[in-house]
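**Student:** this one's structure only:
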């Protein structure tokens, strides 16, 4: 029986020895910023060595006009995927890889992808304070495994279908027990009103047991990660308005720049009602 590449088991991939670890993470995510790999303990020497033997592709991305320097982005080459399959003893066809041509994507797509992947990598590094065990059990970002919808009442008093597709889904084992985290990565490109309607849809979806039906979890939270505190506050207010302040602890909000400064486990999260909370206590 052939073995498949375990792309949803980020904690296992993160624990692999060098240089397999970096190749495995690139296979799981497709694109990663060199700076995010650095935060995961992968230094420039490891990156340079992989690039020298053709295992990775490197390109530059100007994510924002105000950035002083371009972001260095890596992807796994076909040669790197074959080497990874050999070392991990998995079927080569199950190891995703990239080429120069199919890595040519829009700045908006790549910026969003890098933000999502950087956040997921942070989740993979989380440890339980009590015993040091990993909190993340699995991570999924394939669209066909995330997409869902809910039938809800529109403002016109008619039933409508609200599509719901998060950017990622994490299954975690923390102090609360096993729970799911649906992750929405906002880059400030969607109208606030659109996201407000989506929050209302998520609330109805949760009330109807969508989390248990779609993801087989008893408990779920919906995390929104926005670029900065100003955008985070706008989305939080939109959530309060669209859910008529009935969201409770279902929706959590965090700013990417604050997470980068203080860490994902710090008291930098806000629910619809309470500010400055840790994800777990």
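**Tutor:** Noted; the coordinates are in hand. Not measured: the values here are computed from a predicted model.

**Student:** could you use CA atoms for every contact and neighbour count after this?
**Tutor:** Noted.

**Student:** residues touching residue 140, list them.
**Tutor:** 8, 146, 168-170 (C-alpha atoms under 8 Å, 6 or more residues apart in numbering).

**Student:** separation between it and residue 42?
**Tutor:** 23 Å (C-alpha to C-alpha, to the nearest Å).

**Student:** on that earlier part again, among the contacts of residue 140, which two are most distant?
**Tutor:** Spanning the widest gap among the contacts of residue 140 are 8 and 146, at 13.3 Å by C-alpha to C-alpha.

**Student:** other SSEs contacting the longest helix anywhere in the chain?
**Tutor:** In the chain, ranked by residue count with DSSP state H as the criterion, the top helix is helix 107-124. On a contact count with 3 or more C-alpha pairs under 8 Å, 6 or more residues apart in numbering; DSSP states H and E, helix 107-124 meets helix 10-14, strand 32-33, strand 136-140, strand 177-185.

**Student:** mean pLDDT added to these, as JSON lines?
**Tutor:** Converted to JSON lines, the helices and strands packed on helix 107-124 look like this (pLDDT from 0 to 100):
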{"stretch": "helix 10-14", "mean pLDDT": "97"}
{"stretch": "strand 32-33", "mean pLDDT": "98"}
{"stretch": "strand 136-140", "mean pLDDT": "98"}
{"stretch": "strand 177-185", "mean pLDDT": "97"}
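
**Student:** so which of those comes closest to residue 151?
**Tutor:** Of all these, strand 177-185 comes closest under C-alpha to C-alpha, at 19.1 Å.

**Student:** contacts for the longest helix of the chain, please.
**Tutor:** Outside helix 107-124, the residues touching it (C-alpha under 8 Å, 6+ apart) are 10-11, 14, 29, 31-33, 36, 40, 61-63, 134-136, 139, 167-168, 185-187, 264.
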